[in-house]
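I'll drop the sequence and a predicted model, then ask my questions.
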There are 2 protein chains.
Amino acid sequence: MKKNAFYAQSGGVTAVINASACGVIEACRSESHKIGTLYAGLNGIIGALEENLIDTSLESDQAIASLRYIPGGAFGSCRYKLQNLKDNDDQYRRLIEVFKAHNIGYFFYNGGGDSADTCLKVSQISELMGYPVQAIHIPKTIDNDLALTDCSPGFGSVAKYVAVSTKEASLDIASMAASSTKVFVLEVMGRHAGWIAAAAGLASQAKGEPPHIILFPEVPFEREQFIALVKKTVEQSGYCVVVASEGVSYANGDLLSESIGKDAFGHKQLGGVAPALCSMIKHSLDYKYHYAIADYLQRSARHMASKTDVEQAYAVGRAAVNAALAGKNALMVSIKRDASKPYAWSLGEVPLSAVANQEKKMPQAFISKNGFGITQQARNYLLPLIAGEDYPPYQNGLPYYPRLKNTLITKRCTQWALC
Amino acid sequence: MKKNAFYAQSGGVTAVINASACGVIEACRSESHKIGTLYAGLNGIIGALEENLIDTSLESDQAIASLRYIPGGAFGSCRYKLQNLKDNDDQYRRLIEVFKAHNIGYFFYNGGGDSADTCLKVSQISELMGYPVQAIHIPKTIDNDLALTDCSPGFGSVAKYVAVSTKEASLDIASMAASSTKVFVLEVMGRHAGWIAAAAGLASQAKGEPPHIILFPEVPFEREQFIALVKKTVEQSGYCVVVASEGVSYANGDLLSESIGKDAFGHKQLGGVAPALCSMIKHSLDYKYHYAIADYLQRSARHMASKTDVEQAYAVGRAAVNAALAGKNALMVSIKRDASKPYAWSLGEVPLSAVANQEKKMPQAFISKNGFGITQQARNYLLPLIAGEDYPPYQNGLPYYPRLKNTLITKRCTQWALC
């Protein structure tokens, strides 16, 4: 008897996570002689625990094809990490209960490092609890911090967004600087790894072009040095463009974003590496400044996704299904770089145990000597990942992002609530 | 003898102000039997005062054509307002000195309400100081607050950016809300008029779709009412998307954001409505939130300009030259709406005296009864302005935004410094 499959999205969503879903579902459909119904978890693994399973077979081929260009998580994502098997096996027993009830033998989990850990734990159910589940991880993270894959789907598109936005905003401030704004700060995501901030460096296509300063979480922030460089840049170029990772911190580990004082309620003031930097600039140099915080805009900007990223996101989804059908388990589909110029990539497989809970930071060789920019090596790495445009269809001036029906199947198990 | 012409960009730049420059320059080139050299002011009117004149005839036709898709101000803009003629006529004498020295008889000024005032003053030189200059104003402002024109070039593109970004970020938070972020706040530009925030409302294409709350400068902010609506929305929809104008203020006029100084026009410089709102939400409801501040990204986002906006920006540039050659003076080229469905527009002319220093706020009829949304009438007005895509060319994953040579001509006048 054919086994059914389960697919879920996990962690922060991206502009292309649905392209991976599209790959998974289309592969299952083309292998329907080997694989049964594909259920999607409503809100990630929580959907499996609560038995909220979406029957993807009720969606038309056209609806599934549209997933390739819809940002966000079409089935809902979650921030929820399974506990350790030995600490609490209730969750795992529950998963088996639900999987058994719906004849689920394939588990496809689409997420980052934490999710790889969840996927690994599910793969262990098979051995530890005697229920056969093949668990395949589909990489996804805008942070690009997954180990053992050359890049992570989701990163190329946020990298493109940040590079393009930096280029455009730089043209804006360049034309205002003579009589107005002198400093522009763009805050981008990246708590522990500076990959996204690094991508802003691609906006600089000739020596001296903005961004002039990039701040990475990997480089301890030194205020005097930063202020001196802003001053020198404004004096030389007339203006200064700064791109800062949200995770920039001092040598002692204190985050800049927690250093901007208290709000009207006496609480620590919220978020904001950019305003923290602008405060310093105002205080020390009294330059007029502007700042932007891209936040969710950067990771949902499907309207300017990288074509390379979309293709890779789709491909890892398809490959996960093929790996499962080949009898494999406890692995992550990886992206391998076969060449940089011209860029060539292929897919690989890595054991989940080697990926889970790892964090890939920027190599030292990618950061320029003064700590405020990227090297040619970083450019060679980053450039192919933002290559190509893949615009969504538009209707009446807006991208056409249709919604799926997301029909839940009838429950067969007992009620279960997250604790 | 043919007269030469002067063109300058003023105030905050937009994604399409260079499309207007393209229109002006291409019209001058096609009327080269009637009009001499077109000089562009380096950094706006300051370029005329300092005799920093760019010879646009040294740019190739191809370079001029590329202005149609380059954001920012290709010749530099300024925040600089001429003083009143009767208070200080030094500046005007200087302008005449420069215009005379270079045989300039046409003055094209590309800006918003403040710039219309400058343009009007220049047009008065002719009468008051006996030097003939025809001054034509070319409308531009992302704020859409120019009077007597149906819309202002620059607005349609920022409106599209804000609508698309709101739609995309809403899909993101919708997929995270079950176990994580419940509220997303997007801060957009608009000090006194809520046109840009209103455009976010277009992202909602069916009842109940986000954005759930829009905050306009036109509507006094009431905290209790706002918090109650956020709570109700999260309870009903699972999450809440808020779009707020930077100029949102309390009934007594106090801005929600901290006032952090004044710009050259004496306007307050703003930043931080979004964190102020999130503070309140945290304090009263303890929901997890995210916020984005679009700032310059919204007005420089040529990568997703509105095709309608690009066409109008180009057309008003060409029309300004034609008006000047028809012997007209002291007017602004306007955009007239001939029909909304299907949208049809044409160009008109309005006297500068009626436009200068006016500010067009959102009509009451565009704001929904509860003050937190837009009406169908607003949609009918806004929708045609974001219609159509007009992508720039890309090279290696980035938009191709070449730079002009911007060659300054040899000075003929005495040195002059801004006081």
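Received it, and whenever you're ready, just let me know what you need. These figures come from a predicted structure and were not determined experimentally.

For the rest of this, base every contact and every neighbour count on C-alpha atoms.
OK.

how about stretch A:29-40, does it reach chain B?
No - between stretch A:29-40 and chain B, judged by CA under 8 Å from any CA of the partner chain, nothing touches; the nearest distance is 13.3 Å.

pLDDT below threshold where in chain A?
Scanning chain A for pLDDT under 70 picks out the ranges A:259-271, A:419.

domains in it, as residue ranges please.
When chain A is parsed with automatic domain parsing, its domains come out as A:3-141+A:302-357+A:387-399, A:155-300.

now the shortest one: how far from the chain's centre is it?
The reference is to domain A:155-300. Mean C-alpha position of domain A:155-300 versus that of the full chain (CA atoms, centre = their mean, to the nearest Å) differs by 20 Å.

first vs last residue of it, how far apart are they?
Its first and final residues considered, domain A:155-300 spans 11 Å by CA to CA, to the nearest Å.

Quick one: check that domain for contact with chain B.
Yes - using CA under 8 Å from any CA, domain A:155-300 reaches chain B at A:160, A:163-165, A:168-169, A:171-180, A:203, A:263-265, A:269-271, A:290-297, A:300.

still on that earlier bit, any idea which of the domains of chain A gets closest to residue B:358?
When those are compared by CA to CA, domain A:155-300 sits nearest residue B:358, at 22.4 Å.

what helices or strands is the lengthiest helix in chain A leaning on?
Secondary structure of chain A per DSSP state H: the longest helix is helix A:155-176. Helices and strands touching helix A:155-176, as assessed by 3 or more CA pairs under 8 Å, 6 or more residues apart in numbering or on different chains; DSSP states H and E, comprise strand A:183-188, helix A:195-200, helix A:296-300, helix A:307-325, helix B:296-300, strand B:398-399.

can I get the CA coordinates of stretch A:366-377 in PDB?
Extracted in PDB, the C-alpha atoms of stretch A:366-377 (Å, rounded to 0.1, in the frame of the first residue of the first chain):
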ATOM      1  CA  PHE A 366      34.700  37.600   3.100                       C
ATOM      2  CA  ILE A 367      35.100  40.600   5.300                       C
ATOM      3  CA  SER A 368      37.500  43.400   4.300                       C
ATOM      4  CA  LYS A 369      40.500  44.200   6.400                       C
ATOM      5  CA  ASN A 370      39.000  47.200   8.100                       C
ATOM      6  CA  GLY A 371      35.900  45.200   9.000                       C
ATOM      7  CA  PHE A 372      33.500  47.500   7.200                       C
ATOM      8  CA  GLY A 373      33.100  46.000   3.800                       C
ATOM      9  CA  ILE A 374      33.200  42.800   1.700                       C
ATOM     10  CA  THR A 375      36.100  41.300  -0.300                       C
ATOM     11  CA  GLN A 376      36.200  40.200  -3.900                       C
ATOM     12  CA  GLN A 377      35.900  36.600  -2.600                       C
END
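
Check the offset of that stretch from the chain's centre.
So, by CA atoms, centre = their mean, the centroid of stretch A:366-377 is 23 Å from its chain's centroid.

got the buried residues for that stretch?
Across stretch A:366-377, burial judged by 16 or more other CA atoms under 10 Å in any protein chain shown covers A:366, A:367, A:371, A:372, A:373, A:374, A:375.

go on, stretch A:70-82?
Buried-residue list, stretch A:70-82, by 16+ other CA under 10 Å: A:70, A:71, A:72, A:73, A:74, A:75, A:76, A:77, A:78, A:79, A:80, A:82.

can you give me the strands in the stretch 301-419 of chain A?
Under the criterion DSSP state E, counting those that start in this stretch, the stretch 301-419 of chain A contains strands at A:331-340, A:343-351, A:394-395, A:398-399.

Mind listing the strands the first one pairs with, and their directions?
Looking at strand A:331-340 with DSSP bridges, its paired strands and their directions are strand A:134-139 (parallel), strand A:343-351 (antiparallel).

Just send those strands back as TSV, with mean neighbour count and distance to residue B:305 too.
Formatted as TSV, the strands paired with strand A:331-340 follow (neighbours: other CA atoms under 10 Å in any protein chain shown; distance: least, CA to CA, whole Å):
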stretch	mean neighbour count	distance to residue B:305
strand A:134-139	31	33
strand A:343-351	15	30
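
Nearest to residue A:255, out of these?
Closest among the strands paired with strand A:331-340, using CA to CA: strand A:134-139, at 28.1 Å.

Need the contact partners of the closest one.
A:20, A:105-112, A:116, A:119-120, A:122-123, A:126, A:146, A:152-153, A:316-317, A:320, A:323-324, A:327-334, A:352 (CA atoms under 8 Å, 6 or more residues apart in numbering or on different chains).

ok now that strand, how far from the chain's centre?
Per CA atoms, centre = their mean, the displacement of strand A:134-139 from the mean C-alpha position of its chain is 16 Å.

what does stretch A:64-81 give?
12 Å.

how long is that stretch from one end to the other?
End-to-end for stretch A:64-81, by CA to CA: 28 Å.

sorry, back to before: need the buried ones from the residues of domain A:155-300 next to chain B selected in ChimeraX.
Buried residues within those, by 16+ other CA under 10 Å, are selected in ChimeraX with:
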select /A:160,163,164,165,168,169,171,172,173,174,175,176,177,178,179,180,203,269,270,271,290,291,292,293,294,295,296,297,300
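
after the host helix or strand of residue A:284, next one along is what?
Residue A:284 belongs to helix A:273-285 when elements are defined using DSSP states H and E. For helix A:273-285, the following helix or strand on the C-terminal side (DSSP H and E) is strand A:289-293.

Name the surrounding residues that touch that next one.
Counting by CA under 8 Å, 6+ apart, residues outside strand A:289-293 touching it are A:181-188, A:272, A:274-275, A:278, A:282, B:291-297.

returning to what we had before: not counting the helix holding residue A:284 itself, show me its contacts.
A:185-187, A:227, A:231, A:244-248, A:256-257, A:259-260, A:287-293.

Could you list which of the buried residues of stretch A:70-82 also contact chain B?
Within the buried residues of stretch A:70-82, those near chain B by CA under 8 Å from any CA are A:71, A:72, A:73, A:74, A:75, A:76, A:77, A:78, A:79, A:80.

what's across from the closest residue to residue A:197 other than its chain neighbours in the sheet?
Sequence neighbours aside, residue A:245 is the residue nearest to residue A:197 in space, at 5.6 Å (criterion: CA to CA, 6 or more residues apart in numbering or on different chains). Taking DSSP bridges as the rule, residue A:245 bridges to residue A:188.

tally of neighbours for residue A:245?
The tally of other residues near residue A:245 (other CA atoms under 10 Å in any protein chain shown) stands at 26.

Return the distance of it relative to residue A:149.
22 Å.

Over to residue A:217?
21 Å.

likewise residue A:294?
Counting by CA to CA, the gap from residue A:294 to residue A:149 is 26 Å.

And residue A:305, by the same measure?
Taking CA to CA, one finds residue A:305 at 20 Å from residue A:149.

Those two - which one has more neighbours?
Under the criterion of other CA under 10 Å, the comparison of residue A:305 against residue A:149 puts residue A:305 first, with 31 against 22.

can you give me the helices in chain A?
A:17-30, A:45-49, A:61-66, A:90-101, A:113-129, A:155-176, A:195-200, A:223-237, A:273-285, A:296-300, A:307-325, A:352-355, A:376-382.

Mind checking those helices for the one nearest to residue B:38?
Here helix A:155-176 is closest among these (CA to CA), at 19.5 Å.

quick check: angle from the closest one to strand A:289-293?
For helix A:155-176 against strand A:289-293, the angle by axes from the mean of the first three to the mean of the last three CA atoms, to 10 degrees is 160 degrees.

Give me the spatial nearest neighbour of residue A:52, chain neighbours excluded.
Counting by CA to CA, 6+ apart, residue A:42 is the residue found nearest to residue A:52 once chain neighbours are left out, at 5.6 Å.
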